[in-house]
Every structure is written in C-alpha cells, then in structure tokens.
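A.B. asks: show me how the following folds:
(one chain, ligands or ions: 2)
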Amino acid sequence: MNEDQRLLFLSSSSHFPPPQGVKLSYGTSGFRADASILQSTVYRVGILAALRALKTQSVIGLMITASHNEVSDNGVKVADPSGGMLSQDWEPFADTLANARDPQHLVELIAEFVQKENITLDGTKPVEILLARDTRPSGEFLLEAAKQGISSIIGAVALDMGILTTPQLHWMVRARNVGVKASETDYFKQLSSSFRCLVDLSPCGTHANNVDDKLVVDGANGVGGEKLEILKTMLNGLAIEVRNSGKEGGVLNEGVGADYVQKEKVVPFSFGSQDVGIRCASLDGDADRLVYFVVPSTSSNKIELVDGDKILSLFAIFIKEQLSILNKEIDVKAKNGYQCHLGIVQTAYANGASTDYLKQLGLEVTFTPTGVKYLHEKAAEYDIGIYFEANGHGTILFSEQFLCWLKARTTELSDVAKGSEQHKAALRLLAVSELINQAVGDALSGVLLVEAILKYMGWSIQRWNELYQDLPSRQLKAIVDRRAVVTANAETVAVTPPGIQEAINAETAKHPRGRCFVRPSGTEDVIRVYAEASSQDAADNLAQSVAKLVDRFLGFGSS
Ligand SMILES: CC(=O)N[C@H]1[C@@H](OP(=O)(O)O)O[C@H](CO)[C@@H](O)[C@@H]1O
Ligand SMILES: [Mg+2]
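C.D. replies: Ligands and ions are numbered 1, 2, ... in the order given. Next comes the predicted model:
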C-alpha cells in the first residue's frame with residue numbers, strides 16, 4: 001500500500017470511530033443493529049465493497065437496509081458481481097474490519113488483506129460500487145458513511161442509485177456485470193413485459209375468466225409499496241391496490257409486512273372485514289419477501305396464510321408442467337432433447353406437509369441451513385432450481401446451459417411448430433426466467449409470477465391454498481447464549497450441548513407427526529425453537545417443552 005493511500009485511510013477513518021463495547025458480526029444477511037451505532041460499520045463496509053470490486057474487477061453493490069426489523073434499526077450488506085450475496089469466504093474479513101478498534105489497526109488489517117488477496121491499490125483500474133437504501137430515515141446519513149468508505153480507496157467510485165428495494169439493487173449489479181441495460185426503468189420494463197408475455201400465453205377462455213383480477217398488497221410502509229405503485233401502472237389485466245405504501249403515515253414494519261403477517265397470522269393494519277375472501281399479499285420492509293393471505297371471515301382478525309412453501313409449490317407445479325409439455329414428443333437423448341434437472345431447495349422451517357406434497361409430485365427436494373445464501377448456492381446447482389424459505393424469500397434460478405438450450409429450442413419450434421403447445425411452453429419458461437429475479441428473491445417479481453400462474457391455472461387463492469394443508473406449527477425463542485448450540489444436518493440435529501438432542505427426541509416422540517429442532521439465530525442473540533405436530537395444541541406444547549429444555553441445558557443457573 002503506498003503512502004498516499006495509507007494517509008487517506010488514516011484521515012478518513014478517524015471520522016468514523018467504532019462503537020464501544022459492541023461486537024458486530026456479518027450474520028445471515030449483513031450487519032444489523034440500532035442505526036445510531038452503525039456509521040462506522042457502514043463506512044467500513046464501503047471499504048470492503050470497494051476492495052471486493054477491485055478484487056473481482058466487477059461492479060459491486062452495497063445496500064443499506066434492515067429489512068423487516070423495526071424502523072430504528074438499520075443494516076448493510078454487499079452484493080457480489082453475480083448479484084448474489086457476498087462470497088462467504090469474505091465474511092470473516094468483514095467481521096474483523098467492522099471490529100477494528102482504531103484507524104491504525106484498520107489500516108494494518110487492510111494492508112494485510114490486500115496483500116493476501118493480491119489486490120492492487122494504485123487506482124489504475126477504476127471500479128464502481130452501486131449504493132442504495134430503503135426508506136429508513138437513518139439511511140441517508142449511513143449512505144454518506146458508505147460513500148466516504150468507498151472514496152477512501154483510490155480508484156473506487158460510488159454511484160448512488162437512491163431508494164430501491166434490496167432485490168432491485170442486486171438485479172442492477174447483475175445486469176451491469178452481464179452487460180445489459182441496468183436502470184430502474186429497465187427493471188420495471190423487464191418485469192412488466194415478461195409478465196405480459198406470460199399472461200398472453202395463458203390458455204384463453206374459461207380458465208382466465210375464473211380468476212379475479214383484483215389483488216390487494218400490504219407494502220409494509222416501506223420501499224416495496226412505493227415501487228409497486230409505479231410497476232402496477234405498467235401492467236395489463238391485473239388491478240393492484242397498494243395499502244401501507246408508507247405515504248399514509250404508518251410506521252415501517254409496525255403491525256404490517258410479510259414478517260408480521262407470517263409470524264402472527266393476523267391481518268396487517270388497514271386490512272379487515274372489507275377484504276374477506278379477496279386475494280391479499282404482503283411484502284417485507286425491503287421487498288425481498290412475499291406471502292399471500294386471505295381474510296376468511298368478518299368475525300376475527302385471523303388470516304389464512306399462504307406462505308413461502310405454498311408459493312414454492314405453485315411455482316414447482318407450473319415449471320414441472322411446462323417441462324413435461326416441452327418434452328412431450330422429444331426423445332431426451334436425441335439431438336434436440338435435454339434432460340432438465342429440476343431441484344427444490346427448502347430449509348428445516350418448511351412445513352412438513354409442503355415437503356410431503358412436493359415429494360409426492362416426484363420432485364427432488366433438498367435441505368440447507370437457514371439463510372438465503374445457502375439456499376441460493378444449492379439451487380444454482382440445478383438446471384432449474386427453485387428455493388424458498390417458509391417466510392417468503394425465494395426465487396427460481398435457471399442455469400446458463402439450460403437457458404442456452406431453451407433459446408435454441410424455442411427458435412427451432414417457432415420455425416417448425418409455431419403456436420403449438422410445445423412452443424408455448426418454451427416461451428413461458430423463457431418468460432419466467434426473465435420475470436423472476438435471477439440475482440436474489442424478489443417480492444415484486446414474485447407477485448407477478450404468482451399472479452400469472454394463477455391466471456394460467458384458472459385458480460382462486462382458495463384453490464391454491466388447498467394444494468395441501470399445513471401441519472400446525474409453533475416458533476419460540478429462548479434467550480440464552482446462542483453460541484452454545486451447534487447443529488448438523490441442515491440444522492435439524494443439535495450436536496452440542498451433549499444430550500440435548502436426545503431430550504428433544506424424547507419430547508418429540510410424545511406427539512403424533514411431531515417434528516422439532518433448535519438452532520442459533522443468525523440475526524438475533526437467541527436460540528430459535530420450531531415445533532410441528534398434528535394439532536395446534538400439540539405443536540404449542542412441544543415447542544414450549546423444548547424451549548424449557550433449552551433453558552435447562554443453557555439458561556441461567558445451568559452449569
Ligand atoms: C426462522 C426465520 O424466519 N429466520 C430468518 C432470519 O434468520 P435467523 O438466522 O433465524 O435469525 O432472518 C434471515 C434474514 O432475513 C432469514 O433468511 C431467515 O429465514
Ligand atoms: Mg427482507
């Protein structure tokens with residue numbers, strides 16, 4: 001590192017002292033904390049993003065958001081060149097950087113890291129970092145800190161993209177790196193035109209008419225509602241009403257949003273008896289999660305939740321059907337054939353009934369630990385990989401190789417069998433690959449794909465919800481030192497503390513269809529307990545008794 005660069009670091013970082021007595025960790029999805037202590041962290045992630053851009057010689061993204069957390073929190077995460085999450089092997093460096101105690105220490109760490117990673121800091125190869133933030137008021141000053149971090153590296157240029165959803169930023173990073181148009185307008189155009197294409201390819205007549213065009217969306221008082229207001233004006237055949245768009249004065253994520261709706265299973269603010277039977281959806285604070293719901297009756301505020309697992313199931317049925325139409329008369333071993341490997345990826349939080357259902361359809365289902373970085377990585381191993389967390393974060397990934405074959409096959413079919421069912425199936429799959437965000441789970445593209453598939457199937461939300469019946473479940477938190485629990489087998493087995501898994505097994509065995517696991521949260525200092533059983537009472541009891549077990553093994557007073 002040359003002297004100019006060293007001095008630049010020292011002077012710039014002295015304006016961003018780290019908070020005292022706090023240890024920050026990159027976690028499941030970046031750093032998150034109360035916004036008031038994050039300035040130094042965001043500054044340092046600015047440095048990290050710039051180094052990552054130099055290392056990869058690509059455009060990198062930096063997003064300031066705390067998703068579904070309360071409005072006083074904020075967070076920061078990095079989008080890699082593919083548009084996906086920051087490569088996991090850089091996370092330990094992110095942690096050390098964020099926790100460096102003073103400017104000297106910080107500069108030493110950077111010098112050591114750039115040497116190890118062979119990164120040249122002479123400004124000869126300029127790089128760009130795209131910055132965005134959600135609607136949190138603290139985003140503005142934190143974005144400034146990120147800019148300072150980036151400009152402390154000679155040759156790194158920060159481009160402020162303004163207020164965006166998290167998936168929009170990831171999409172832009174990916175688009176920039178594959179060399180296609182990458183503005184927000186391009187994003188909206190791609191979504192709306194691929195949606196139109198799918199709707200135009202719906203079987204006409206009876207089916208389409210059965211489906212109500214109206215959809216009411218809860219925008220969590222965040223950025224998603226604001227963006228959906230723009231997108232909806234570009235759509236035909238779908239009437240979207242956005243509530244909780246943030247303009248009516250409601251507070252971000254307070255009694256609203258996908259996280260609230262999924263966990264509490266009650267109507268979000270501004271929904272109620274006027275919505276009985278209507279198709280409703282809810283986005284989270286940065287619009288990377290989506291769940292649907294129905295208000296079943298005027299007499300209670302309970303909802304029927306249509307969660308990430310059901311969205312996954314709907315997508316899986318549709319993709320499977322299109323693939324089988326496409327391959328109907330093809331010998332997959334022949335020249336024009338392709339044995340498409342379709343894979344489904346879930347976590348232990350997926351409702352057991354969804355996994356049974358998917359397996360009954362003959363689909364290949366695999367499990368990863370919680371956190372989209374794990375699901376995404378696994379899904380990318382397939383020709384078509386569909387992943388979802390039960391809480392509504394997920395997408396469909398198409399491999400380059402399969403898309404290449406699909407494009408060639410579509411051209412071939414348009415010559416020899418234009419307008420045939422096979423041709424249409426190929427066009428539909430291509431449209432899905434354009435519509436659904438290839439970088440990261442995206443509630444806006446997710447809504448449009450759900451809507452297009454419901455139209456295609458001619459299904460109401462009630463019909464969709466009846467695909468299978470969720471097993472009753474309960475989630476609890478145990479406030480103990482989360483580092484004491486280590487898990488294996490995609491978090492389904494607790495290997496430490498010794499004996500806890502045997503005790504959990506003994507509790508679980510008492511309940512018909514019982515399933516239960518404990519794991520350390522990656523975003524909160526808690527152990528999460530999940531239980532499932534054939535009745536709600538049984539699921540509640542199982543969760544409670546296992547939470548007590550956790551306390552007994554690890555809580556205050558335990559040795
Ligand atoms: C049970 C649950 O919903 N866990 C969430 C939550 O992670 P935890 O590691 O459980 O705190 O936040 C993650 C980031 O948003 C999300 O990916 C994940 O699904
Ligand atoms: Mg989110």
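
A.B. asks: the helices in the stretch 301-450 of the chain, which residues?
C.D. replies: With DSSP state H, counting those that start in this stretch as the criterion, the stretch 301-450 of the chain has helices at 308-326, 352-360, 372-379, 400-416, 421-435, 443-457.

A.B. asks: can you say which of these is packed in most?
C.D. replies: helix 443-457 (a mean of 25; mean count of other Cβ atoms under 10 Å). In this view, the C-beta of every residue, glycine as well, is placed from N, C-alpha and C.

A.B. asks: centre of the chain to it, how far?
C.D. replies: 17 Å (Cα atoms, centre = their mean, to the nearest Å).

A.B. asks: quick one, it and helix 308-326 angle?
C.D. replies: Taking axes from the mean of the first three to the mean of the last three Cα atoms, to 10 degrees, helix 443-457 and helix 308-326 form an angle of 50 degrees between their directions.

A.B. asks: which secondary structure elements does the helix or strand just after helix 443-457 contact?
C.D. replies: Where DSSP states H and E defines the elements, the next helix or strand beyond helix 443-457 is helix 461-465. Where contact means 3 or more Cβ pairs under 8 Å, 6 or more residues apart in numbering; DSSP states H and E, helix 461-465 is packed against strand 290-294, strand 304-306, helix 308-326, helix 443-457.

A.B. asks: with distance to Thr368 and mean pLDDT added, can I get those in TSV?
C.D. replies: Shown next, in TSV, are the helices and strands packed on helix 461-465 (distance: least, Cβ to Cβ, whole Å; pLDDT from 0 to 100):
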stretch	distance to Thr368	mean pLDDT
strand 290-294	20	98
strand 304-306	23	97
helix 308-326	14	97
helix 443-457	19	97
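
A.B. asks: for ligand 1, which of these is the nearest?
C.D. replies: helix 308-326 (9.0 Å; Cβ to the nearest ligand atom).

A.B. asks: which among the helices of the stretch 301-450 of the chain is found nearest to Ser72?
C.D. replies: Closest approach to Ser72 among those is made by helix 443-457 (22.7 Å; Cβ to Cβ).

A.B. asks: and the residue of the protein that's closest to ligand 2?
C.D. replies: Ser67 (3.1 Å; Cβ to the ion).

A.B. asks: then that residue would be within a helix, right?
C.D. replies: No: using DSSP: H, G, I helix; E, B strand; the rest coil, the assignment for Ser67 is coil, not a helix.

A.B. asks: for it, give me its contacts.
C.D. replies: Shown in contact with Ser67 (Cβ atoms under 8 Å, 6 or more residues apart in numbering): 29, 75, 134, 166, 259, 284-286, 288-289.

A.B. asks: show me which residues of this structure sit near ligand 1.
C.D. replies: 28-29, 67, 349, 370-372, 389, 391, 393, 521-524, 528 (Cβ under 6 Å from any ligand atom).

A.B. asks: are any of these buried, and which?
C.D. replies: Buried subset of those (neighbour count, 16 or more other Cβ atoms under 10 Å): 28-29, 67, 349, 370-372, 389, 391, 393, 522-523, 528.

A.B. asks: pLDDT for those residues - can I get that in a markdown table?
C.D. replies: Formatted as a markdown table, these follow (pLDDT from 0 to 100):
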| residue | pLDDT |
| --- | --- |
| Thr28 | 75 |
| Ser29 | 81 |
| Ser67 | 95 |
| Tyr349 | 97 |
| Thr370 | 94 |
| Gly371 | 91 |
| Val372 | 90 |
| Glu389 | 97 |
| Asn391 | 96 |
| His393 | 97 |
| Gly522 | 84 |
| Thr523 | 79 |
| Arg528 | 96 |
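
A.B. asks: got a markdown table for the residues you listed, with distance to Asn236 too?
C.D. replies: Listed next are these as a markdown table, based on distance: Cβ to Cβ, whole Å:
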| residue | distance to Asn236 |
| --- | --- |
| Thr28 | 38 |
| Ser29 | 35 |
| Ser67 | 31 |
| Tyr349 | 36 |
| Thr370 | 38 |
| Gly371 | 37 |
| Val372 | 31 |
| Glu389 | 31 |
| Asn391 | 31 |
| His393 | 28 |
| Gly522 | 41 |
| Thr523 | 39 |
| Arg528 | 43 |
